[in-house]
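> test case, fold it:
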Amino acid sequence: MKTSKLQAFALATLLLSGAVTGAEAKLIKKKSKKAKTEKVMPPRPQSMMKPGPKPYNSIITPQAASTNGFLTVHKVNDKYYFEIPDSLLQKDVLIVNRISKAPASKNKSKIGYPGDILRSKVIRFEKNGENRIFVREMSYRERATDKEGMYTSVMNSNIHPIVATFNIESIRKDSVRCNYVIEAGSFIQKENPLFSIDSDSKEAIGLLNMIPTASYINSLTAFPQNIEIKTTVTYLCKKEKRPISPLETGSPNTPLTYELNSSLILLPEKPMKPRLYDPRVGFFTVGYTDFDSNPQGIEYKYLITRWRLEPKDEEAYLRGELVEPKKPIVIYIDPATPKKWVPYLIQGVNDWQVAFEQAGFKNAIYAKEAPANDPSWSLEDARHSAIVYKPSDIPNASGPHINDPRSGEIIETHINWYHNVMSLLRDWYMIQAGTLDEAAQKMQFDDELMGQLIRFVSSHEVGHTLGLRHNFGASHTIPVEKLRDKAWVEANGHTPSIMDYARFNYVAQPEDSIGRSGIFPRIGMYDKWAIEWGYRWLPQFKTPEEETAFSNQSIIAKLKEDIRYTFGTESDSNDPRNQNEDLGDDAMLASAYGIKNLQRIVPQILKWSYEPNKSYAGARTIYQNVVNQYSRYMGHVTKNVAGIYSNPIMVEQTDMVAQEFVPASIQKRAVAFLNEQLFTAPTWLINQELMEKAGINPINTICTIQANILSRLISKATLNKMMMNEAANGRKAYTAQQMFSDLRKTIWTRTAQTDLYKRNTQRVYVESLIKLLDKSQAPAKPGVQRNYFYSEAPAMARGELITINSIVKSAAASCSGIQKSHYQNLQAMIEEALSNK
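Prediction:
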């Protein structure tokens, strides 16, 4: 109720006439003021207070445009309805959200590309009371199957959240089922937890709220196993941290508009029988907490991700015959792909057929071009797997996949193929194989060579979509000298796994006359074994747990048969056998051969990079790639120092150990190699003609690599591992004191003229030691417990600084010029650090 001007005038009149007293007037005013703050809602119609279903024909009119699938979609004027059969309630539905079209931006890697997956989740529809449909987001991170006991307890502690609620607009019943109609359009076209860009992606991109007036539904279509939704969404953006003009103050950046594709996929009513992960075979996984297996606790279990392959003819399969699967893996090639590369991408997919044959299946996987002029086929349709060609300057490709979290079954894949990956392939092949293959000695490769390079990367990414992880340990199983054996390496390949990052055979020398079959990676014996282990159909075992003993024995037998069946994880930072971009079982020997080839390339850079009417940018690119490759070799060797071998084993493998330190002899060889090839300046990287014409600066390049490697050697991580090795193995260990002694022989040995490079390594040596010294800490806050890790690195560093200080004092007293100033500066740095000032 509001006090009007007329009421105020009437009140004043009453006061003047004496009809009310002053106290009564105050009370009237007080009530009027209170009435202003109270909201009196008009009575709601009974239909609004208790919404209920309306007649079906009044909602889904004859003018409705409808498509039928596992649920029916209706469009009535500008509204979209879902018609949900009661048979779908409590069924698992997977939602996959992708970018269908992306904004134009220089920073595409942040903004996103068409085909990029935003997120996926599993939901269920459930009916609540008479008039509502709930949507729950399902989680399978905690599981129990004992419905008489633990199952109820686990479910009570794992309530799935309700993420959306819909009124039932109408109900259609027939003799078979009951269908519930909900209005979904208004939910879909506004920001929501199911179909919008998720909060993590928004934060990464820099998006704020959706702009409702600039967002809408493009289409909503039903298919037998999936529903496809296309929406256009526009978001405000965060302000960029840059100077802005007064006119821009308070104004948001230009909004970003996306087209999103959301797929609702009906998951199998009966999940595929899972296969438990084993760390000795590299597969991606989905994990969960199992409350059943251990009667006195819990177990964390992991299921491998793989496609569902089941033989058409089960009896023939069990007899050992090759049998086609009921549903093969089909990967389409994006219509946007340049036609000349399509055959190579297809071959990269089809190359995996031989691996599935080892698992008992023929024609299990193949690629084909996407249908032309078929309006029912869409690249974003989650029923279709594809290699998606992206117009991007990112020199890369990737092979993600979507899986059923209940079982690990891979539902589909969209392999990201970025256009600029070809520049990366050219750089790799030119630097690693240019001395072996004349076709690689120019900036533009012929189509056949580039096509074969595309084929190799295609096979690698398809391997990921089949569930395989990187096998960084594969290449270490090959003796280095075998990589120079023409007959052997052309027959077997330079690595037993295409899932390794072992690009090309950089160990081979020109005089070895090795052809491309001994240079290129291929699907190898490990890959075939991994597919056999993961995909062989084992109907004799009813549960994944029943397979465990069979799986364990088969893996043990394979590893005893040939070391090349070994898997080496990409996530082990301590094991020098598991490195990317390396080759062979001896990093020092392999890197020495690699450096010989790099030394052959540097004098040829101007010739190889020559293109008429162009600058020397190509020469700079080749030189930088030579430097990068050389730096990789130094890293491969360095990881052996304080390295730790890790071997995933089971109790039956009594002839193996789970962990052991790299032998002292290998660590000592690694330091000697670095002394010879790096800390003695690699002057072969200095080419006067390149400096004059291409403007390269090899001095900074060499100093930077020296500093990076020396900082890794003289670090807390390295010294702590050496301390553990010495404590465990005593005199058998390669100690920090031994490493310092070996480094001093090169870095601190005085010559007639200590050059810039040696001065650089000496300064980095001292700075790295100073960083390791103990520093005073601020008092701990009340109630906050400080965690301590015992480390002798500060003591080791202090002792070495004292030794170095005596060296620099002596050197400063006996030299002049910049050398004298250099040693005086080091002395001042050391003494200041040791004094704890």
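
> I'd guessed Ile595 sits against Ser631; true?
No - look at Ile595 against Ser631 with CB atoms under 8 Å: they stay out of range, at 11.4 Å. For every residue, glycine as well, the C-beta is placed using N, CA and C.

> so Asn760 sits in a strand?
No - under DSSP: H, G, I helix; E, B strand; the rest coil, Asn760 sits outside any strand and is assigned helix.

> now do the same for the nearest residue to it once chain neighbours are set aside: helix, strand or coil?
Setting aside the residues directly before and after it, Asn760 is nearest to Cys703 in space (CB to CB, 6 or more residues apart in numbering), at 4.5 Å. Of the three states, Cys703 takes helix under three-state DSSP.

> ok, Cys703 - how many residues close by?
19 (other CB atoms under 10 Å).

> just checking, it touches Gln762?
No - counting by CB under 8 Å, Cys703 stays clear of Gln762, with 11.7 Å between them.

> which residues touch the closest residue to Tyr501 other than its chain neighbours?
Nearest non-adjacent residue to Tyr501, counting by CB to CB, 6+ apart: Asn580, 3.6 Å away. Counting by CB atoms under 8 Å, 6 or more residues apart in numbering, Asn580 touches 470, 472, 500-501, 570.

> now the two most distant members of these.
Asp500 and Glu570 (9.3 Å; CB to CB).

> so what's in contact with these two at the same time?
470-472, 580.

> of Asp500 and Glu570, who's got more company?
For Asp500 versus Glu570, the count of surrounding residues by other CB under 10 Å is larger for Asp500: 30 against 16.

> can I assume the more buried one sits in a strand?
No - using three-state DSSP, the assignment for Asp500 is coil, not a strand.

> could you check how far it is from Met525?
Separation of Asp500 from Met525 (CB to CB, to the nearest Å): 12 Å.

> one more: Gly434?
28 Å.

> got it, and Phe356?
Counting by CB to CB, the gap from Phe356 to Met525 is 15 Å.

> those two: who's more crowded?
The residue with more neighbours, out of Phe356 and Met525, is Phe356; 25 against 19, by other CB under 10 Å.

> let me know whether the more buried one touches Tyr366 as I believe.
No - Phe356 sits out of contact with Tyr366 when judged by CB under 8 Å, with a separation of 10.3 Å.

> who touches both of these two?
In contact with both Phe356 and Tyr366: no residue, using CB under 8 Å, 6+ apart.

> any low-confidence regions in this structure?
1-51, 106, 108-109, 146-158, 240-253, 295, 751-754, 776-781, 783-789, 837 (pLDDT under 70).

> domains for it, by residue range?
Annotated domains of the chain cover 5-37, 59-266, 311-565, 728-775+789-834 [automatic domain parsing].

> quick one: which of the ones you listed is nearest Asp586?
Once the domains of the chain are compared by CB to CB, domain 311-565 is nearest, at 4.9 Å.

> tell me how far that closest one is from the chain's mean position?
Chain-centre distance of domain 311-565: 18 Å, with CA atoms, centre = their mean, to the nearest Å.

> same question, stretch 166-183
Using CA atoms, centre = their mean, the offset of stretch 166-183 from its chain centre is 42 Å.

> shift numbering so it begins at 9
OK, 9 is where the count begins now, so the last one is stretch 174-191.

> quote the end-to-end distance of that stretch.
Stretch 174-191 has an end-to-end distance of 7 Å (criterion: CA to CA, to the nearest Å).

> likewise for stretch 446-456?
14 Å.

> other residues contacting it?
Contacts for stretch 446-456 (CB under 8 Å, 6+ apart): 348, 434, 437-438, 441-442, 457, 461, 612, 615-617, 619, 626.

> quick check: buried residues in that stretch?
Of all the residues in stretch 446-456, those buried under the rule 16 or more other CB atoms under 10 Å are 448, 450-451, 453.

> same deal with stretch 522-530?
Going by 16+ other CB under 10 Å, stretch 522-530 has these buried residues: 522, 524, 526-530.

> then stretch 223-239?
Neighbour count says stretch 223-239 has 223, 225, 228-231, 234-239 buried, by 16+ other CB under 10 Å.

> tell me the one of those residues nearest Val659?
Asn234 (45.5 Å).

> quick check on the closest one: phi, psi?
Main-chain torsions, Asn234, degrees, to the nearest 10: phi -160, psi 160.

> beta partners for it?
Ile273 (DSSP bridges).

> show me what contacts it?
77-78, 271-274, 389-391.

> just the buried ones from those?
Here, 16+ other CB under 10 Å leaves 77-78, 271-274, 389-390 buried among the contacts of Asn234.

> looking at those residues, which is nearest Ile190?
Leu272 (13.5 Å).

> my guess is the closest one contacts Ile235. True?
Yes - look at Leu272 against Ile235 with CB under 8 Å: they come within range, at 4.0 Å.

> give me the number of residues near Glu555?
18.

> put the alpha carbons of the helix or strand where Val634 lies into PDB.
In the assignment (DSSP states H and E), Val634 maps to helix 625-646. Backbone C-alpha positions of helix 625-646 (Å, rounded to 0.1, in the frame of the first residue of the first chain) are rendered in PDB as follows:
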ATOM      1  CA  ALA A 625      64.000 -16.500 -42.300                       C
ATOM      2  CA  GLY A 626      64.200 -20.100 -43.500                       C
ATOM      3  CA  ALA A 627      67.900 -20.300 -42.600                       C
ATOM      4  CA  ARG A 628      67.100 -19.000 -39.100                       C
ATOM      5  CA  THR A 629      64.300 -21.600 -38.700                       C
ATOM      6  CA  ILE A 630      66.600 -24.400 -39.600                       C
ATOM      7  CA  TYR A 631      69.400 -23.200 -37.400                       C
ATOM      8  CA  GLN A 632      67.000 -22.800 -34.400                       C
ATOM      9  CA  ASN A 633      65.800 -26.400 -35.000                       C
ATOM     10  CA  VAL A 634      69.400 -27.600 -35.000                       C
ATOM     11  CA  VAL A 635      69.900 -25.900 -31.700                       C
ATOM     12  CA  ASN A 636      66.700 -27.400 -30.300                       C
ATOM     13  CA  GLN A 637      67.700 -30.900 -31.300                       C
ATOM     14  CA  TYR A 638      71.200 -30.400 -29.800                       C
ATOM     15  CA  SER A 639      69.500 -29.200 -26.600                       C
ATOM     16  CA  ARG A 640      67.400 -32.300 -26.500                       C
ATOM     17  CA  TYR A 641      70.400 -34.500 -26.700                       C
ATOM     18  CA  MET A 642      71.900 -32.700 -23.700                       C
ATOM     19  CA  GLY A 643      68.700 -33.200 -21.800                       C
ATOM     20  CA  HIS A 644      68.600 -37.000 -22.600                       C
ATOM     21  CA  VAL A 645      72.100 -37.400 -21.200                       C
ATOM     22  CA  THR A 646      71.400 -35.200 -18.100                       C
END
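
> perfect, that will be all.
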